[in-house]
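> Structure of the sequence below:
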Amino acid sequence: MAVLMLIAGIGHLAIWTRLHCMIHSLPYKQWLIDLGEYTCYLMSVLIPALFLFWWMQQPLNPQVTANEPVQYSTIYYVWLVYGVISIVAFVVAALFWLIYQRDTHIASNYFNERLLASFDFSDLAPQLLTSTSTQFASLLPGNEILRLEVDRKEIFLPRLPQELDGFTITHLSDLHLKGHMSEEFYRKVVAQANDLQSEMIVIAGDIFDRTKCFPWSRTLAALSAECGVYFILGNHEVRTGDPDGCRKTLVDEGFIDLGGRHMTLMIRGYPVVLAGNELPWHIPAADMKSLDESQFDQRPLRILLSHTPDQISWARSFDFDLMLAGHNHGGQIRMPGIGAIVSPSWYGTRYSGGVFYFDPTLLHVSRGISGTSPLRWNCPPEITQLVLRRADQT
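Numbers count the residues shown, from 1 in each chain. Predicted structure coming up:
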């Protein structure tokens, strides 16, 4: 009985954390998302508390005669049904975990990773953290909001042409300029990104959280790459109340807007199609049906910038080779051996962060730079340099 109750308890948490993830993947008004989030938190705690209260009220040795049928209350059957549902949820969650492990195993054949640098800015907390709540959170043991990892991933694309072998892209995401991290923090991020000297830089959305931080675009403007700096918007630009202002601010600084459009570049003499998908928050996605490949002598390499990795099916349907996303922050809290607990995705924690491969598309999901919640455990912010390699080199 104790084992079943433990399994049911884990299943109960799986239900409400999955609902939390799904709610955050939807393009609803922020107040409605917040209501759903707090409801999930409340139910996660309230239901077990109510069950324990009810359980403690039950007699240890109920008095029944040998031939008298046991009479159970309605609330007993309610708890029984919910318990069965929770046990089923545990089994389903375990199966999902196995699927996620399979995804990791498949993807491991398509990339190599090397940590280039790891920074700990904790000694600079007074200069880098500007809100009291964030300063307090940074003192919690193990909190990594002031760490920054710079890594390099060689990714092996099955259809990468010889001309683009070794092409480098710095992938940034989720900067979340809102004022709880100082502008000086972002100067350090920009400096590290530029030190990689990649041929292209992309930012996969959630750049601004507050309009008061629009002037900080002067810091981001220092980002530099030979083939340009490209961006799309995410759901947090909607929260600013002025997504058009966010877009204009970045374009005015010289960044190239890929939101809802596609464009073709000649890189190393080879055609590369860059496209943006900001769904479901900014409509429409790039109209890929309007792309005329007959104008090229070779099939172009297709690269998609999407804020959420939930758009992976869209990417595959339009034959993208590489999809770069963010939004999920790596889950922010990752348990050893289990991984992320929650991420704002319809698919739960499946695409919380890292590399995934679903033929013909390789997906890279950045853990991002910051977030609205000042908590990160076993999930430091990251800057990633992607080095494109031909798959026959694996």
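> can you give me the helices for the stretch 1-150 of the chain?
In the stretch 1-150 of the chain, the segments counted as helices under DSSP state H, counting those that start in this stretch are 2-24, 30-57, 74-107, 125-128, 132-138.
> Any idea how many residues pack against the closest residue to Ser173 other than its chain neighbours?
Distance criterion C-beta to C-beta, 6 or more residues apart in numbering; nearest residue to Ser173, sequence neighbours excluded, is Gly326 at 2.7 Å. All C-beta spots, glycine's among them, are computed from the backbone N, C-alpha and C. Using other C-beta atoms under 10 Å, Gly326 has 30 other residues around it.
> Which parts of stretch 294-311 count as buried, going by neighbours?
Across stretch 294-311, burial judged by 16 or more other C-beta atoms under 10 Å covers 300-311.
> For those residues, give me CSV that also has pLDDT, secondary structure and distance to Thr74.
Shown next, in CSV, are those (pLDDT from 0 to 100; DSSP: H, G, I helix; E, B strand; the rest coil; distance: C-beta to C-beta, whole Å):
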residue, pLDDT, secondary structure, distance to Thr74
Pro300, 97, coil, 64
Leu301, 97, strand, 62
Arg302, 98, strand, 58
Ile303, 98, strand, 58
Leu304, 98, strand, 53
Leu305, 98, strand, 54
Ser306, 98, strand, 48
His307, 98, coil, 46
Thr308, 98, coil, 42
Pro309, 98, helix, 44
Asp310, 98, helix, 40
Gln311, 98, helix, 45
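> Kindly reformat these as a markdown table containing distance to Met5.
What follows is the buried residues of stretch 294-311, written out as a markdown table (distance: C-beta to C-beta, whole Å):
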| residue | distance to Met5 |
| --- | --- |
| Pro300 | 57 |
| Leu301 | 54 |
| Arg302 | 51 |
| Ile303 | 49 |
| Leu304 | 46 |
| Leu305 | 46 |
| Ser306 | 42 |
| His307 | 40 |
| Thr308 | 36 |
| Pro309 | 35 |
| Asp310 | 34 |
| Gln311 | 39 |
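> nearest to Trp97, of those?
Proximity of these to Trp97 was ranked by C-beta to C-beta; the top entry is Pro309 with 17.8 Å.
> Help me confirm that Ile145 comes into contact with Trp377.
No. Ile145 lies out of contact with Trp377 (C-beta atoms under 8 Å); the separation is 9.9 Å.
> ok, those two, which is more surrounded?
Per other C-beta under 10 Å, whichever of Ile145 and Trp377 has more neighbours is Ile145, with 28 against 17.
> In contact with the more buried one, which residues are there?
134, 137-138, 370, 374-376, 381 (C-beta atoms under 8 Å, 6 or more residues apart in numbering).
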